[in-house]
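Enquirer: Sequence unavailable; structure follows:
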């Protein structure tokens, strides 16, 4: 259940997703509560993001008779987590598609320039045969997402999607300008960035709230 925000940008507006996101935004939500809600939202968003996954017929035997049924090939799907906060979404996604492979890309935001700096990159083999879903809770300046997708495109995957919990117009516009071919899925598009590159009203630093760090 998603709504087209603009070309290739989808807001997952299911009531359960929006309800849980509101609870996550609350300043008094504990680390445990924040982490649990993010896991639940990630599971719900996974259904929307994987709605167009290709399927194949296989023969099975029920307690009654032989028949054919449709299955997805989870091994062809790769969830790529932008460290470290992306791991908060990763767990929920994997609980829905446990057969998916996992890649990690480490990026940190330079506090002065707000540009993304890569420090880690580890992917499964045969990426040219796989569909990629990149996960990161926040699409703020868009610099990390843009850098991650640019790096992944060097591996020539079959497709790339980007999933975040909260975005903003600045991040969405920057991402679309750099990678107009990559669909964006998010639970909300907030008002704007502040002077420090944080989303407003947002929910604070997602990584700190997931892991209980300051």
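Expert: Nice, thanks for sending it over. All figures in this text were calculated on a predicted structure; none of them were measured in a lab.
Enquirer: Any stretches of this structure with poor pLDDT?
Expert: 1 (pLDDT under 70).
Enquirer: longest helix in it, by residue count?
Expert: helix 31-49 (DSSP state H).
Enquirer: What residues sit buried inside that helix?
Expert: 34-46, 48-49 (16 or more other CB atoms under 10 Å). C-beta: built from backbone N, CA, C; applies to glycine.
Enquirer: Ok, stretch 8-27 next?
Expert: 8-12, 14, 17, 20-21, 24-25.
Enquirer: In terms of secondary structure, what does the longest helix of the chain contact?
Expert: For helix 31-49, the packing partners by 3 or more CB pairs under 8 Å, 6 or more residues apart in numbering; DSSP states H and E come out as strand 9-12, helix 15-25, helix 87-96, strand 159-163, strand 184-186, helix 206-211.
Enquirer: For the following helix or strand past it, enumerate the helices and strands it packs against.
Expert: Using DSSP states H and E, the helix or strand that follows helix 31-49 in sequence is strand 55-61. Identification of packing neighbours for strand 55-61 by 3+ CB pairs under 8 Å, 6+ apart yields strand 66-72.
Enquirer: starting at the chain centroid, how far to the strand it packs on?
Expert: 29 Å (CA atoms, centre = their mean, to the nearest Å).
Enquirer: tilt between it and strand 55-61?
Expert: Put simply, strand 66-72 runs at 150 degrees to strand 55-61, going by axes from the mean of the first three to the mean of the last three CA atoms, to 10 degrees.
Enquirer: Contacts for strand 66-72, please.
Expert: 50, 53-61, 97 (CB atoms under 8 Å, 6 or more residues apart in numbering).
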